[in-house]
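K.L.:
Build me a model:
(2 chains)
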Number of protein chains: 2
Amino acid sequence: MDGHQVRALYDFCGEPGSAELSIIAGEVLTVMRDNVGDGWCEGFNQNGQSGLFPAAYVQVIEATVPTTANTANSQQNTGDYWDDDWDDDSEIGQTQAYVPPVQHQPSMQSAQDLYSDTLSIHTIHSVIPDRSIPSVPKKNNKFSTLVKSGEEGFLLCSKKVMVPESEKMFIEEVEGGRFAWISTGESYNCVVTSPKKESKLKGLKSFIVYQLTPTFNNIQVSRRYKHFDWLHERLEEKFCFIPIPPLPDKQISGRYEEQFIEHRRTQLQEFVDYVCRHPVLSRSRVWQHFITCTDEKRWKAGKRHAEKEELLGVNCFHGVQCTDTPLDAVKVEFQTDGFARFIAGLDPVVKNLMAMATDQAKKHQVLYKREFQKIGQCFGALGIALEADDLGRTRGRLNQALKDTGEAYNEIGKLYEEQPKYDWEPLADKFHIYRGIISNFSDVISIHKTAVLKRRECEKLVNEHKMETQQLRELNQRTDVIARALGAEEMHFQTERDIHVSQTIKNHLVEQISFYQKIVNKLQDALNSFDA
Amino acid sequence: MDGHQVRALYDFCGEPGSAELSIIAGEVLTVMRDNVGDGWCEGFNQNGQSGLFPAAYVQVIEATVPTTANTANSQQNTGDYWDDDWDDDSEIGQTQAYVPPVQHQPSMQSAQDLYSDTLSIHTIHSVIPDRSIPSVPKKNNKFSTLVKSGEEGFLLCSKKVMVPESEKMFIEEVEGGRFAWISTGESYNCVVTSPKKESKLKGLKSFIVYQLTPTFNNIQVSRRYKHFDWLHERLEEKFCFIPIPPLPDKQISGRYEEQFIEHRRTQLQEFVDYVCRHPVLSRSRVWQHFITCTDEKRWKAGKRHAEKEELLGVNCFHGVQCTDTPLDAVKVEFQTDGFARFIAGLDPVVKNLMAMATDQAKKHQVLYKREFQKIGQCFGALGIALEADDLGRTRGRLNQALKDTGEAYNEIGKLYEEQPKYDWEPLADKFHIYRGIISNFSDVISIHKTAVLKRRECEKLVNEHKMETQQLRELNQRTDVIARALGAEEMHFQTERDIHVSQTIKNHLVEQISFYQKIVNKLQDALNSFDA
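P.N.:
A predicted model of the protein is given here:
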């Protein structure tokens, strides 16, 4: 029995009629069981209502009974996120890590016993909810605070910011008055392979390490999920005008299961692929450091450097190199509005598609598999039952054919179990990236919107002779830089879907065709055995 | 509101926690709504418990309010079953048939109003149970009464019964010391076609008429379900040693729906096919009368003749012609026991298979169809959502391909809806016949068992000199006739499955292959549209 206290980080709305407990960000909960499976915790709130809630939605605040494990947990959650060992892939509440407290105060112990008895009233032995936990709400991202506050500064800033050559990004105008990033190097890939479990602190901490091998140097580097998480935070901080693809969802339970690890590897590969395909991200210093640095010392130095980065957020626009021909403000705004509507319309569609793909994967693996095995059993049983009449006569063909038919359906059941990893799961994984991109686009668009509003404000000021025309001209130029960057991202997103989304659906269909063809073949074999 | 009273014909066990009401054979129930759908009635029992129960499980006993319709109903149910108009395919409680009573007694009317108010308390507005109604329990068949009592008479009877040539049935010994019916004529088929609705009594009564055309004369006769039912009763009465294939289940509601009628036609065809394939049944006089008589007068005369049939039940054994070589009693008993075990083992297997096939049919039509349409909608919606970014540019290939993909999955959904009538439904229909045969076999076997017991008894009597050896010899010969007839039926059943069961499963597999191949083709079309 745990009985430790946690604080809710986010609101969670439990499904009515289920064993789930709704929690409100900030409230204190008492955890009865840290991990009842699939990332769910069991506990109760201060009103005594008990139920299940996602472990990822709460944070340990204080151990009711001080144990080394609990103390470690609370330190981990208050300490520096990146430098300590807490991360998504270290096991929380691992049994080895638990050292029972030495009992110096018997009176306290009996008090705790009493408390335990009280707690046991609340213990529910519920079935773990069948639905997967909603992903952890997005961290309060940089746009609302850092970016927005800095944007005005950038727009009105008149001083020239010196940008080193390596930080420059180039935009060209392409046909139809559209914009595109100019790729400044050879394109390359980077393979994510061989996830393996490693441990430190004499086995107290264990984690999964993934191998990354870029095609341009073929040198392998080892990275943990927490390193990816660190990288992701850096990219989001730096490139406010680029929707950064999301990492795989954080997950607490089942992290050492082979299937989970392999699936996470696939999702990390999707993330890496997207970055490699992006003309700006793939050239960025922090990314290059991430995929090439093999030396521990240089790695730490590079990390510190990246964390002290100055050309962050809107300041990063200083690095954008493009012509300064003024853009047609009306046309740009019309296009941006259209794009914003497009993204807003795409968002629920992609979410539905992903939910459907995940649902199909699960139905294939569980429901359909079971259905075909039931069919198989029925035919097989008929074959066996008919055999009982043989009485030594050899009229086994029908019986054998029936048993073969049963086996064919049984094998089709296995195909249904195996199949999703070739079609529905990759589909969901590919769209996981695009769902993230789409949801980040609204922030990217809002930077442009803010700039346009600022420009209008300044135009008014100029009309009222409260601002210099020269200052407005500079502001216009900077607004146009923002518009061009957005345009280049729109263009990139279109390329993405013309090539990668298209390829994704095609791959899916190819796998589906092969799947149903395999079913046809199994049934054909069964049919043939009737005439064998 | 109906409020008429019915008597439960059979026990029905309502599902706990559902709106179903358990009823006990013999108890009186008050019907509130005759047909709430899918063959369910709504009403309450004498304890005031209300709920749904199968309409086919009850019989109208008395109308609370005398109406012409209700009076007709009660007459129908007490009158001669075959000669009046009551039958499974005439609509009970048809609205045209209802003539409101002339009110001579206002006091009675107000009493009825009061009653109606009481009734309304019991009215439940429940969802019709999702499960299909269990089929009506078998009529108390002839074996337990007519046959069993007559069997001793047959076994001990010493007088020679004259059997007309046309009633003789021949059994030969075939390889392996087994027995087989000798076919006494050309084999033929009989097609059941064109069910159509007819009516009489100025539209008050309507029913469905099926057309039967035997291949040997190509002359069509019209028969109703009630005629089939009459025939079935005659065959069961006459041929106690032949398991008679069952008719389609009786059903009260939905009898005029096209789909139901077509399905019943298919099931009647299965029944007719089985009879035509059977060497004895296909030559029987009542069957020949049924499939050939076109004249109303001759039809009625033939019916009367059949109903006065004397060579019924065990007496029918007098017509069996075979050698009188004594059989090895031990061997015959061993074989019969083996066959009885085989049949007992086959029974649940065939029931499971049928239940599975029916379940699959429903899942294809509802669940899987919906799943594929959901998939289709997701892809289609993505195509439409992506179109919103076109802004006059013509990059429609991906969008169109996505919409085509959506349409392909949608069409696959329709295939799932259509498919069961080609594979799972025929499978269930074919096995409906065999399930009936299997369940009737136990009665056929028991006739042999009874004969063996009687023989042992008589052997004892002969040992004690209480019976003549000659009488035992005759009894042995008659027991052997029964054994040979059972052997011939075993043989026929084996032929059935070697040919017809085998063909049924093969047809099923052929249809399944074609189904999954169609899916492959739909997906291939979708894939092609990406490169179109």
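K.L.:
who does residue A:206 bridge with?
P.N.:
As for beta bridges, residue A:206 partners with residue A:199 under DSSP bridges.
K.L.:
any idea how far chain B is from it?
P.N.:
As for residue A:206, its distance to chain B is 39 Å (criterion: Cβ to the nearest Cβ, to the nearest Å). Every C-beta, even on glycine, is put in place using the N, C-alpha and C of the backbone.
K.L.:
where are the low-confidence patches of the stretch 101-250 of chain A?
P.N.:
Along the stretch 101-250 of chain A, the parts satisfying pLDDT under 70 run over A:101-150, A:157-160.
K.L.:
and with 90 instead?
P.N.:
A:101-169, A:173-178, A:183-187, A:194-208, A:237-238, A:240-241, A:248-250 (pLDDT under 90).
K.L.:
How about residue A:507, nearest residue that isn't a chain neighbour?
P.N.:
Counting by Cβ to Cβ, 6 or more residues apart in numbering or on different chains, the nearest residue to residue A:507 once its immediate chain neighbours are dropped is residue A:426, at 6.8 Å.
K.L.:
Look up how far chain B lies from that neighbour.
P.N.:
In terms of Cβ to the nearest Cβ, residue A:426 sits 15 Å off from chain B.
K.L.:
do the same with residue A:513
P.N.:
For residue A:513 relative to chain B (Cβ to the nearest Cβ), the value is 5 Å.
K.L.:
From what I see, that residue and residue B:527 are in contact.
P.N.:
Yes: between residue A:513 and residue B:527 there is a contact under Cβ atoms under 8 Å: 6.7 Å.
K.L.:
Rounded mean pLDDT for the single longest helix found in chain A, please.
P.N.:
Using DSSP state H, we find that the single longest helix of chain A is helix A:424-463. Throughout helix A:424-463, pLDDT has a mean value of 90.
K.L.:
Identify each buried residue in it, please.
P.N.:
A:424-441, A:443-452, A:454-455, A:458, A:462 (16 or more other Cβ atoms under 10 Å in any protein chain shown).
K.L.:
and what of stretch A:336-343?
P.N.:
A:336, A:339, A:340, A:342, A:343.
K.L.:
do stretch A:473-491 as well
P.N.:
Per 16+ other Cβ under 10 Å, stretch A:473-491 contains these buried residues: A:474-476, A:478-491.
K.L.:
same thing with stretch A:179-192?
P.N.:
In stretch A:179-192, counting by 16+ other Cβ under 10 Å, buried: A:179, A:180, A:181, A:190, A:192.
K.L.:
Can I get the helix or strand hosting the last one in PDB? Just the C-alpha atoms.
P.N.:
Meaning residue A:192. Taking DSSP states H and E as the criterion, residue A:192 maps to strand A:190-200. Output in PDB follows, covering the C-alpha atoms of strand A:190-200 (Å, rounded to 0.1, in the frame of the first residue of the first chain):
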ATOM      1  CA  CYS A 190      19.200   9.200 -40.000                       C
ATOM      2  CA  VAL A 191      18.200   5.800 -38.900                       C
ATOM      3  CA  VAL A 192      17.000   5.000 -35.300                       C
ATOM      4  CA  THR A 193      17.900   1.500 -34.400                       C
ATOM      5  CA  SER A 194      18.500  -1.100 -31.800                       C
ATOM      6  CA  PRO A 195      16.800   0.200 -28.700                       C
ATOM      7  CA  LYS A 196      18.400  -1.500 -25.700                       C
ATOM      8  CA  LYS A 197      18.100  -1.400 -21.900                       C
ATOM      9  CA  GLU A 198      20.900   0.100 -20.000                       C
ATOM     10  CA  SER A 199      21.300   0.800 -16.300                       C
ATOM     11  CA  LYS A 200      23.300   2.800 -13.900                       C
END
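K.L.:
Residues contacting that strand, please?
P.N.:
Residues from elsewhere that reach strand A:190-200 (Cβ atoms under 8 Å, 6 or more residues apart in numbering or on different chains): A:85, A:205-215, A:256, A:261-262, A:264-265, A:268-269, A:272-273, A:276, A:291.
K.L.:
rewinding a little: pretty sure the residue nearest to residue A:507 sits against residue A:266.
P.N.:
Yes: between residue A:426 and residue A:266 there is a contact under Cβ under 8 Å: 7.3 Å.
K.L.:
Just give me the closest of the buried residues of stretch A:336-343 to chain B.
P.N.:
Distance to chain B, by Cβ to the nearest Cβ, is smallest for residue A:342 among these, at 4.3 Å.
K.L.:
For residue B:420, see how far away the closest one is.
P.N.:
42 Å (Cβ to Cβ, to the nearest Å).
K.L.:
where do the helices sit along the stretch 201-350 of chain A?
P.N.:
For the stretch 201-350 of chain A, applying DSSP state H, counting those that start in this stretch gives helices covering A:225-238, A:258-277, A:285-292, A:296-307, A:329-362.
K.L.:
picking that back up, could you point out which element follows the longest helix of chain A?
P.N.:
Sequence-wise, the next helix or strand downstream of helix A:424-463 (DSSP H and E) is helix A:469-496.
K.L.:
how far does the next helix or strand after that next one sit from the chain's center?
P.N.:
Going down the chain from helix A:469-496, the next helix or strand is helix A:502-528, by DSSP H and E. Centroid separation for helix A:502-528 versus its chain: 30 Å, with Cα atoms, centre = their mean, to the nearest Å.
K.L.:
Would you mind listing the buried residues in helix A:502-528?
P.N.:
Neighbour-count burial for helix A:502-528 [16+ other Cβ under 10 Å]: A:502, A:504-509, A:511-513, A:515-520, A:522-527.
K.L.:
Give me the neighbour count for whatever residue of the stretch 151-300 of chain A ends up closest to chain B.
P.N.:
Relative to chain B, the nearest point of the stretch 151-300 of chain A is residue A:176 (6.9 Å; Cβ to the nearest Cβ). Counted with other Cβ atoms under 10 Å in any protein chain shown, the neighbours of residue A:176 add up to 9.
K.L.:
who in the stretch 201-350 of chain A is up against chain B?
P.N.:
Residues of the stretch 201-350 of chain A lying near chain B by Cβ under 8 Å from any Cβ of the partner chain: A:335, A:338, A:339, A:341, A:342, A:345, A:346, A:349, A:350.
K.L.:
cutoff 6 Å now
P.N.:
Applying Cβ under 6 Å from any Cβ of the partner chain, we find that the stretch 201-350 of chain A lies next to chain B at A:338, A:342, A:345, A:346, A:349.
K.L.:
Pull the most distant pair out of those residues.
P.N.:
A:338 and A:349 (16.6 Å; Cβ to Cβ).
K.L.:
pretty sure residue A:491 is in contact with residue A:182, am I right?
P.N.:
No: taking Cβ atoms under 6 Å as the definition, residue A:491 is not a contact partner of residue A:182, at 11.4 Å.
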